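Q: Turn this into a structure:
(2 chains)
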Amino acid sequence: MVVSRFSPDLAGSTVTQTTTVRDVADLARLIIADSDVAKVTEEFNQTLTLFEALTIVNTDGIEPMVNPCTESQPLRTDNVETLVNREGLMQNAPASEQNYFLVPRVID
Amino acid sequence: MTMCFETVAALRSKLTAGEISSVELTSDALARIADLNPELNAVIASSEEQAIEAAMRADEARRDGNNNPLLGIPMLHKDIFCTQNLPTTCASKMLADFMAPYDATVVRRLDQAGMVMLGKCNMDEFAMGSSNETSYFGACKNPWNTSRVPGGSSGGSASAVAAGLAPLATGTDTGGSIRQPAALCGITGLKPTYGRVSRYGMVAFASSMDQAGPMARTAEDCALVLEAMAGGDPLDSTCSEKPVPNYAQHLSDAVTGMRVGIPKEFFSSDLNPEVATAIETALKELEGMGVKLVDVSLPSTSLGVSTYYIIAPAEASANLSRYDGVRYGYRCENPTDLQDLYLRSRSQGFGDEVKRRILIGAFTLSAASYDQYFMKAQQVRRMIAQEYDDVLSKVDVIAGPSAPNSAFLLNDTSKSITDMYMEDVFTIGANLAGLPAMSVPAGLANDLPVGMQLIGRRFGEVDILKLAHQFQQRTTWHNLTPPLKERS
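A: Next up, the predicted model:
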């Protein structure tokens, strides 16, 4: 199943993006079941259609806004502090051994 | 039960005068939760024992001379705040069994102020939603009409306060998640300036917009609680060190001559006509207070939804990459290898709306789409923020509706995904720009509450709070209570 959107680029010509929701899901480490691909693609396209409103906006020379902070962020003294105890963190581990997280074997 | 709809300020007076104890108050609130929550599903975790113990400590502290204004007052936290003594789930299967190893700064500060935590509130999963229907623990209901949504994502907090389960609940607002449910449930909610309240221990959704705030019956209560929540925090480098005003002390400061901007774009065809009528009446009331209404324009309002729904999912896809089934959170059964562990843990642990947003975020952040979507949205974000700053250089406050509609039906299949996103059309501007904004009960439409939104200048919480407070001295919308039938 293909997600295809056609949007004018900043210069007014047309660019084509073709990708599959499966490719995107792979980037996001998510599985899309075969039975869901059509629905997910339709919803994905609906959302991309919503974004098309931005393509006609002239943003030449506008600095991207990463966050709304107006103050410089304070720096603290570089002292090591222990904020959370190891046991408190490890209590949520799905699997652990001797304070290490256990995962399936990575290297044979 | 006689105290369930009392304000924080009124309860404080009763506690100070010795007319009630915190244990009595807490017991009453717990009984009301037991009575009404099965129908509302507003509270998803509580501990009677812990709450009563905290109330006993508060009563003892009062006897020892502690007169903190919030001492002994029961409250609820949105289940997005880390709490050491109750699970923190973010209403997700992914975190269904998660016990935080520390308290969020907001939780710690309200605890230090002597507030009594009754429990944790339902919400949209990872705060992604405008109806509280995406919760892993089931939808929360609006106490005004239980076939309708309470709004979201802080729907449980809004429903609980509106139903009198607690006089106060915390919420978080990334695109309107305090203001829209406050509007739909007929309560008062405040999203502070970005950086006013620490985000430490608040499960991250979109870090450049997430902000915590109070949800209560009145502006006065929001003022009292914001003061306790706000202020610099070495554990959140985006949290401002600016001194925190005594908000309550400024509530009666003069509003005569204040200039309130009314953006024409907030009264577009997206706005339900009955909501529009209620807001217009409320604006006349502001005029009656001596406020000067000024026509203004925020021409990029309609671009806000597109901008927000690129930026927020992009940040979310990065933030939620931490849920990999390794260190905490849900892990799938019998993973065959590490990739299988990642893929199935995430696919089984996240709900549909969260996955939808992660996918969109992964797409807009991918190399082929980054400039066209993510970079573009960040540029439009600056345009939108600049428009707000320009308008707020000419007026003190911007006013309009909080949401385009009153509470809509649960499971409304006629609403598409993007229809749902449009619920945020009037609220997301303040998040993109990082401005403080409130929703104040301002009327009814089809017997359902309507909220008026007040947006202030950066760190201008005093302006919107005093305007809201004095509006509430002249109106009674905030005193209306939903037609709930107590079972006991």
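
Q: Can you show me the helices along chain A?
A: For chain A, applying DSSP state H gives helices covering A:21-27, A:37-51, A:86-90.

Q: Where does the stretch 301-450 of chain B get nearest to chain A, which residue?
A: Using CB to the nearest CB, B:G434 is the residue of the stretch 301-450 of chain B that sits closest to chain A, at 2.6 Å. Quick note: C-beta positions are derived from backbone N, CA and C, even for glycine.

Q: Pull the contacting residues for the residue nearest the centre of chain B.
A: Among the residues of chain B, the smallest C-alpha distance to the mean C-alpha position (CA atoms, centre = their mean) belongs to B:I178, namely 2.2 Å. With contact taken as CB atoms under 8 Å, 6 or more residues apart in numbering or on different chains, B:I178 is in contact with B:154, B:157, B:171-172, B:189-191, B:213, B:215, B:439.

Q: Looking at those residues, spot the one nearest chain A.
A: Checking the contacts of B:I178 one by one against chain A (CB to the nearest CB), the nearest turns out to be B:K191, at 12.3 Å.

Q: tell me the pLDDT at the residue nearest to that closest one when sequence neighbours are not counted?
A: Using CB to CB, 6 or more residues apart in numbering or on different chains and skipping residues adjacent in sequence, the residue nearest B:K191 is B:D173, 3.8 Å away. Each residue has a pLDDT score; the one for B:D173 is 98.

Q: ditto for A:T14
A: A:T14 is assigned 29 on the pLDDT scale.

Q: Point to the residue nearest the middle of chain A.
A: By CA atoms, centre = their mean, the mean C-alpha position of chain A lies nearest to A:A28, the distance being 6.8 Å.

Q: Am I right that that residue is in contact with B:S317?
A: Yes. Counting by CB atoms under 8 Å, a contact exists between A:A28 and B:S317, whose distance comes to 6.2 Å.

Q: Name the residues contacting each of the two.
A: Each of B:358-359, B:361-362 lies in contact with both A:A28 and B:S317 under the rule CB under 8 Å, 6+ apart.

Q: Now do the same contact list for the residue nearest to the residue of the stretch 301-450 of chain B closest to chain A when sequence neighbours are not counted.
A: Beyond its immediate neighbours in the sequence, the residue positioned closest to B:G434 (CB to CB, 6+ apart) is A:P68, lying 2.6 Å away. By CB under 8 Å, 6+ apart, the residues touching A:P68 are B:194-195, B:208-209, B:385, B:432-434.

Q: follow-up on the earlier one: give me the number of residues near the residue lying closest to the residue nearest to the centre of chain A once chain neighbours are set aside?
A: The spatially closest residue to A:A28, leaving aside those adjacent along the chain, is B:A362, at 4.0 Å (CB to CB, 6+ apart). B:A362 is surrounded by 24 other residues when neighbours are defined as other CB atoms under 10 Å in any protein chain shown.

Q: and B:A362, that one's in a helix?
A: Yes. For B:A362, which was evaluated using DSSP: H, G, I helix; E, B strand; the rest coil, the result is membership in a helix.

Q: quick one: contacts for B:G351?
A: Listed by CB under 8 Å, 6+ apart, the contact set of B:G351 reads B:92-93, B:125, B:134, B:136.

Q: before we move on, the earlier item: from memory the residue nearest to A:A28 sits against A:D23, does it?
A: No. With the criterion set as CB under 8 Å, B:A362 and A:D23 do not qualify as a contacting pair; they are 9.5 Å apart.

Q: what does the stretch 1-150 of chain B have sitting close to chain A?
A: Proximity of the stretch 1-150 of chain B to chain A (CB under 8 Å from any CB of the partner chain) is limited to residues B:97-99, B:101-102.

Q: and which of these is nearest to B:A51?
A: Taking CB to CB as the measure, B:M99 is the one of the residues of the stretch 1-150 of chain B next to chain A closest to B:A51, at 17.7 Å.

Q: what is the mean pLDDT for stretch A:56-70?
A: Along stretch A:56-70, the predicted confidence averages to a pLDDT of 95.

Q: quick one: buried residues of it?
A: Neighbour-count burial for stretch A:56-70, with 16 or more other CB atoms under 10 Å in any protein chain shown as criterion, is recorded at A:57, A:59, A:62, A:65, A:67-68.

Q: possible to save those as TSV with distance to B:S130?
A: Putting these into TSV (distance: CB to CB, whole Å) gives the following:
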residue	distance to B:S130
A:V57	25
A:T59	27
A:I62	29
A:M65	24
A:N67	23
A:P68	21
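
Q: And the furthest pair within those?
A: Greatest spatial distance in the buried residues of stretch A:56-70: A:V57 and A:N67, 20.5 Å, computed using CB to CB.

Q: Now pLDDT too, for the shared contacts of A:A28 and B:S317, in JSON lines please.
A: Converted to JSON lines, the shared contacts of A:A28 and B:S317 look like this (pLDDT from 0 to 100):
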{"residue": "B:I358", "pLDDT": "98"}
{"residue": "B:L359", "pLDDT": "96"}
{"residue": "B:G361", "pLDDT": "97"}
{"residue": "B:A362", "pLDDT": "96"}
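
Q: quick one: low-confidence parts of the chain?
A: Going with chain A. In the prediction, chain A carries residues with pLDDT under 70 at positions A:1-19.

Q: You answered for a different chain; I wanted chain B.
A: Screening chain B residue by residue with the criterion pLDDT under 70, one finds the ranges B:1-2, B:487-488.
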